[in-house]
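I'll drop the sequence and a predicted model, then ask my questions.
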There are 2 protein chains.
Amino acid sequence: MVESRLTGPVRVVGVGLLGTSIGLGLRARGVEVILADASPTHLSIAVDYGAGRIAVEGDEPQLIVVCVPPDVTARVVAAELEAFPRAIVTDVASVKLAPLHELRAAGADVSRYVGTHPMAGAERGGPLSGRVDLFVGRPWVVTAHDGISYQRGSVIDDLILDLGGSLVEMTPEAHDRSVALVSHVPQVISSLMARRLVDAPGAAVNLAGQGLRDVTRIAASDPELWVQILGANAAPVASILRLFSQDLERMIETLEAPEAVGASRRLAEELAGGNAGVARIPGKHGVDRRYAQLVVMVDDSPGELARLLAEIGEAGVNLEDLRLEHSPGAQIGFADISVLPEQLGYLVEFLRARGWRIAG
Amino acid sequence: MVESRLTGPVRVVGVGLLGTSIGLGLRARGVEVILADASPTHLSIAVDYGAGRIAVEGDEPQLIVVCVPPDVTARVVAAELEAFPRAIVTDVASVKLAPLHELRAAGADVSRYVGTHPMAGAERGGPLSGRVDLFVGRPWVVTAHDGISYQRGSVIDDLILDLGGSLVEMTPEAHDRSVALVSHVPQVISSLMARRLVDAPGAAVNLAGQGLRDVTRIAASDPELWVQILGANAAPVASILRLFSQDLERMIETLEAPEAVGASRRLAEELAGGNAGVARIPGKHGVDRRYAQLVVMVDDSPGELARLLAEIGEAGVNLEDLRLEHSPGAQIGFADISVLPEQLGYLVEFLRARGWRIAG
């Protein structure tokens, strides 16, 4: 276990997915974690799960992490600043300017507050979805402001580094514009696309393939949470949607006159623009960048895959992830194996020496 | 091997992903397959891959399947109808009304033609992406028209059933409206979303998470192919985009006045509409409905997974798919196992009797 640089206890307010994951991650580093939540049920699940202990009279947290819904974040942060006058307080809400404005307007002591936002989540919420490694390798934005000193803020950096996050510094304004583009606008677009399916004939919806499923996956998100997020970041979201709407209008006009001169060229340009945009997203889709991948060809018989895994075990290499793909009719399957990057070269040699065919 | 009901040879024109997969699937049923392609390289790859043989003088195909890009589909279908006056001809292009109109206008013998469209694809094209099971369990639309008799069309049904497809009958008009909604409009929306990233600051794009990745995944599609598809189905796509645009305009107006009376309610309604739409898409995301799933808890050590797989082998059950998920810090991993549905109950009992914990 690597020692944490955090000294005092950390108080986590709100034990949903993020709060519970923060508790689990800090406990794994030996940090004392104090948990609080408005729901006694959630609180006792998080405690049982090993994310920390229940608060007691006289607690003196060094750092408080507020992990509550966006619309109550500022209020809870203000209450924590008041209740623990020596603690540094942060929050993890997905908008950053609105809570800061609200805290200043309420006269809270923002010299002990910095807002942050970890870019991590999961399909399900609640304490049971908590994961010790939720933040590993994920960007975690810190939105410093002039009212807090460098020294006081450094405890936040320690928190993020402890949890394996990748620290990104931005102003609250730049953060809110950035997440409008990469998170809030995609949510709106996905929801509006899915909305088109409501009145569609069943025969049409039954033809849905993976493309539609991917585009609309996040349309299944919780409306209550998203009303709060969109409401708190309305102006940046609206201005990007305006630009989207202009592109869309041009696309519709082109499709309404597909035989017009230049129509095909205009369609091609719009689609190529999409190619260029998606190419800017870092990281290969669906591949966890913490690990290195190799693909081993495996004969389609149950014993073969077991033999492969046994030999990987003999090599002393731990599988971080594994996916088997084969066609029912095919004689060969492919085992997609993820291992720690530093073990990849050794494992490839080890398996080759034993006659395994490495496909990639 | 199950006998095919197809009697004569099947000629496949165009050996990309679809043509090669059709060849592989028919060969697996013992059907004689004749391959043709404008590219000698692609043709020889498909032949080597086992998808069929090269055409020779005097071939008398019972059925011809044209698997070429949409903009040349009608021309190639017309040429095949002419060259093989006893054969039934079909195609697999993703629009169906335009080719039929074009064939009629060219005076082709449409009494031997029915257009079809298998709802199957893959990220990569070309003969090397061909898969023997590409069409298994996938909808395959047959767009009958008044000019062809039931008896002549039945050979198309045999083709689809041979390849494991799920036969769906629609008029060409209903087909084109349906795919506009579930395939072509999502493509446009995804491309326009991705286009917003082109001029974005790097710091913003670096915050991208899985939501943006999913929404924009198909924006990486080939513009050349999509110009053809959108051009050939322009009117249905434009009319759905108009409705999308009206919803979008309302959303923007709401976000431009987020403090207005009823703004939160309107946002919630739009988002709930997205929930309702996505709920109409059949099948669980990412799960292959041909198989049944079980989740087994596995201690985080290499030997444990190998032991599990060896015992599944002892049970005589073949793994159809396997995915291992665990957090680096966690003591427990989860093996998501796919097996044939009829083997699920037996396997669960077998594994429980040996002390494995079944998590779901």
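All right, it came through fine. Numbering: from 1, shown residues only, chains lettered A, B, ... in the order given.

A strand includes residue A:336, no?
Yes: assessed with DSSP: H, G, I helix; E, B strand; the rest coil, residue A:336 lies in a strand.

can I assume it is in contact with residue A:293?
Yes: counting by Cβ atoms under 8 Å, residue A:336 touches residue A:293, with 6.2 Å between them. No exception for glycine: its C-beta is placed from N, CA and C like everyone else's.

so what's the closest residue to residue A:205 other than its chain neighbours up against?
Spatial nearest neighbour of residue A:205, chain neighbours left out: residue B:280 (5.0 Å); criterion: Cβ to Cβ, 6 or more residues apart in numbering or on different chains. Residue B:280 is in contact with A:197-198, A:200, A:202, A:205, counting by Cβ atoms under 8 Å, 6 or more residues apart in numbering or on different chains.

need the residues of the stretch 51-200 of chain A near chain B, please.
The interface of the stretch 51-200 of chain A toward chain B, taken as Cβ under 8 Å from any Cβ of the partner chain, is made up of A:119-121, A:131-133, A:136, A:139, A:141, A:168, A:170, A:174, A:177-179, A:181-183, A:185-198, A:200.

sorry, back to before: distance to residue A:265 and secondary structure for the contacts of residue B:280 - can I get that in JSON lines?
Output for these, formatted as JSON lines (distance: Cβ to Cβ, whole Å; DSSP: H, G, I helix; E, B strand; the rest coil):
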{"residue": "A:197", "distance to residue A:265": "31", "secondary structure": "coil"}
{"residue": "A:198", "distance to residue A:265": "35", "secondary structure": "coil"}
{"residue": "A:200", "distance to residue A:265": "31", "secondary structure": "coil"}
{"residue": "A:202", "distance to residue A:265": "37", "secondary structure": "helix"}
{"residue": "A:205", "distance to residue A:265": "33", "secondary structure": "helix"}
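
between those residues, which sits nearest residue B:240?
Set against residue B:240, the nearest of the contacts of residue B:280 by Cβ to Cβ is residue A:200 (9.4 Å).

and the gap between the closest one and residue B:249?
21 Å (Cβ to Cβ, to the nearest Å).

for residue A:204, same thing?
Distance from residue A:204 to residue B:249, by Cβ to Cβ: 24 Å.

neighbour count winner among these two?
residue A:204 (19 against 15; other Cβ atoms under 10 Å in any protein chain shown).

ok, and the closest non-adjacent residue to the more buried one?
residue B:178 (3.6 Å).

quick one: residues contacting that neighbour.
A:201, A:203-204, A:207, B:141, B:170.

which two among those residues are spaced furthest apart?
A:201 and B:141 (13.2 Å).

comparing these two, which residue is more hemmed in?
residue B:141 (26 against 12).

just give me the longest helix of chain A.
helix A:234-256 (DSSP state H).

packing partners for it?
Helix A:234-256 sits against helix A:185-195, helix A:263-279, helix B:185-195, helix B:234-256, with contacts defined as 3 or more Cβ pairs under 8 Å, 6 or more residues apart in numbering or on different chains; DSSP states H and E.

how big is the angle separating it from helix A:263-279?
Counting by axes from the mean of the first three to the mean of the last three Cα atoms, to 10 degrees, helix A:234-256 lies at 150 degrees to helix A:263-279.

in helix A:234-256, which residues are buried?
A:234, A:236-238, A:240-241, A:244-245, A:247-248, A:251-252, A:254-256 (16 or more other Cβ atoms under 10 Å in any protein chain shown).
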